[in-house]
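1. just to be clear, the model below is a prediction. Sequence and coordinates:
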Amino acid sequence: MSAFDLTGRVAAVTGANAGIGQGIALALAEAGADVAAIGRTPAEETAAQVRALGRRCELVSADLSSIAPVGAAIGAVVERLGRLDILVNNAGIIRRADALAFTEEDWDAVIDTNLKTPFFLAQAAARHMAGWTSPAGRRGKIINIASMLSFQGGVRVPSYTASKSGLAGLTKLLANEWAAKGINVNAIAPGYIATANTAALQADETRNRQILERIPEGRWGDPADIGGAAVFLASSAADYVQGHVLAVDGGWLAR
Ligand code: NAP
């Protein structure tokens, strides 16, 4: 199983204080990685759990609604943990409203947080990773958190669908440009996962029933369900996987 071992690697995860980001941070730590939790809410609970696993965890404060903190955040990870091997672009938001009434504010906020900032974080991370001289021994891994709405249209979430469809395309472009530099760029598309992001859907009895009826697994996913895919894509086991959007959806897309 050594191909999946992340011992000695440093992973930066955005939005690791809650939900899917927390599940990913813990899975990477369980696989051996030290973790930098980049976000606006201090990931104290995540840090305590990572440290309980015997790994280092650094909290890097950054409001990712703009790209202003990007350079300093990646710089802080490298300075405090000595390197950066894995970047997980997880932080994201959603705004729900009919397309006819959708505001520019709701458009810009989602596109900036879910698409613009992840690109510039990936760029800052890749500039660090591309400077490595020994690609055989060290590879960089960038994992973007996409969505079912990287494949489907959805309803009442126009900026979210645009951002996640854009992120899937960007994942492929970056893989094309950076594979030769020893960097793997892939994405995970979670299905319906029980987090704050989907609280409104879970609370809506009709939507909740419709969603559960369509999921072959018959249940909402848990943040921990995303962890295994993240460990795989972050590890040498996935060195030949490039530009892939891996659905972890209980079978949603298969139906
Ligand atoms: P969540 O519990 O709401 O987590 C979102 C995370 O993003 C939080 O840590 C949040 O920090 C962070 N974040 C949002 N805006 C930020 C900002 N401006 N600066 C820094 N951090 C910010 O929801 P989640 O479901 O785990 O979502 C994580 C990712 O998975 C998102 O990209 C989401 O689109 C994606 N996703 C979720 C599902 C699902 O079913 N849940 C499905 C597909 C994709 P705060 O706590 O400070 O707000």
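-> That came through fine.
2. enumerate the residues of this structure near the ligand.
-> 15, 17-21, 39-41, 63-65, 90-93, 113, 145, 147, 190, 192-193, 195-198 (CB under 6 Å from any ligand atom). (Each C-beta comes from the backbone N, C-alpha and C, glycine too.)
3. which of those count as buried?
-> When these are checked for burial by 16 or more other CB atoms under 10 Å, the buried set is 15, 17-21, 39, 64-65, 90-93, 113, 145, 147, 190, 192-193, 195, 197-198.
4. mind checking which of these land in strands?
-> Among these, DSSP state E puts Gly39, Ile145, Pro190 in strands.
5. quick check, nearest of the residues you listed to Gly153?
-> Closest approach between these and Gly153, by CB to CB: Pro190, at 17.2 Å.
6. does that closest one really touch Gly21, like I thought?
-> No. Checked against CB atoms under 8 Å, the pair Pro190 and Gly21 is beyond contact range at 11.1 Å.
7. between those two, what contacts are shared?
-> Ile145 (CB atoms under 8 Å, 6 or more residues apart in numbering).
8. state the phi and psi torsions of Asn186.
-> Dihedral pair for Asn186: phi -140, psi 170, per degrees, to the nearest 10.
9. Gly221 now?
-> Backbone torsions of Gly221, given as degrees, to the nearest 10, read phi -80, psi 160.
10. so it is in contact with Asp249, correct?
-> Yes. At 7.4 Å, Gly221 counts as touching Asp249 under the criterion of CB under 8 Å.
11. for these two, list the residues in contact with both.
-> With CB under 8 Å, 6+ apart, Gly221 and Asp249 have common neighbours Pro190, Gly191, Tyr192.
12. partners of the first one in the sheet?
-> Note on Pro190: beta-bridge partners Val248, judged by DSSP bridges.
13. quick one on the thing from earlier: which members of the residues of the chain next to the ligand occur in helices, if any?
-> Counting by DSSP state H, the residues of the chain next to the ligand place Gly19, Ile20, Gly21 in helices.
14. what residues does the residue in the stretch 51-200 of the chain that the ligand sits nearest to make contact with?
-> Per CB to the nearest ligand atom, Gly92 is where the stretch 51-200 of the chain lies closest to the ligand, at 2.3 Å. By CB under 8 Å, 6+ apart, the contact list for Gly92 reads Gly15, Thr113, Asn114, Ile145, Ser163, Asn197.
15. most widely separated two among the residues you listed?
-> Largest pairwise distance in the contacts of Gly92, by CB to CB, is 14.2 Å, between Gly15 and Ser163.
16. between the ones in helices among the residues of the chain next to the ligand, which is closest to the ligand?
-> The closest of these, once distances to the ligand are taken by CB to the nearest ligand atom, is Gly19, at 2.2 Å.
17. list the contacts of the nearest residue to that closest one once chain neighbours are set aside.
-> Take Gly19 and drop its neighbours on the chain: the residue closest to it by CB to CB, 6 or more residues apart in numbering is Thr195, 3.5 Å away. If you count contacts by CB under 8 Å, 6+ apart, Thr195 has them with Ala18, Gly19, Ile20, Pro223.
18. remind me which residues of the stretch 1-150 of the chain are low pLDDT?
-> 1, 133-137 (pLDDT under 70).
19. can you tell me the SS state at Leu246?
-> The three-state label given to Leu246 by DSSP: H, G, I helix; E, B strand; the rest coil is strand.
20. show me what contacts it?
-> Counted by CB under 8 Å, 6+ apart, Leu246 has contacts Asn186, Ala187, Ile188, Ala189, Ala229, Leu233.
21. what does the helix or strand hosting the last one rub up against?
-> Just to be clear, that refers to Leu233. If you go by DSSP states H and E, Leu233 is part of helix 223-234. With contact meaning CB under 8 Å, 6+ apart, helix 223-234 is reached by 4, 6, 9, 11, 19-24, 26-28, 30-31, 33, 85-86, 88, 141, 143, 184, 186, 188, 190, 193, 195, 238, 241, 246, 248, 250.
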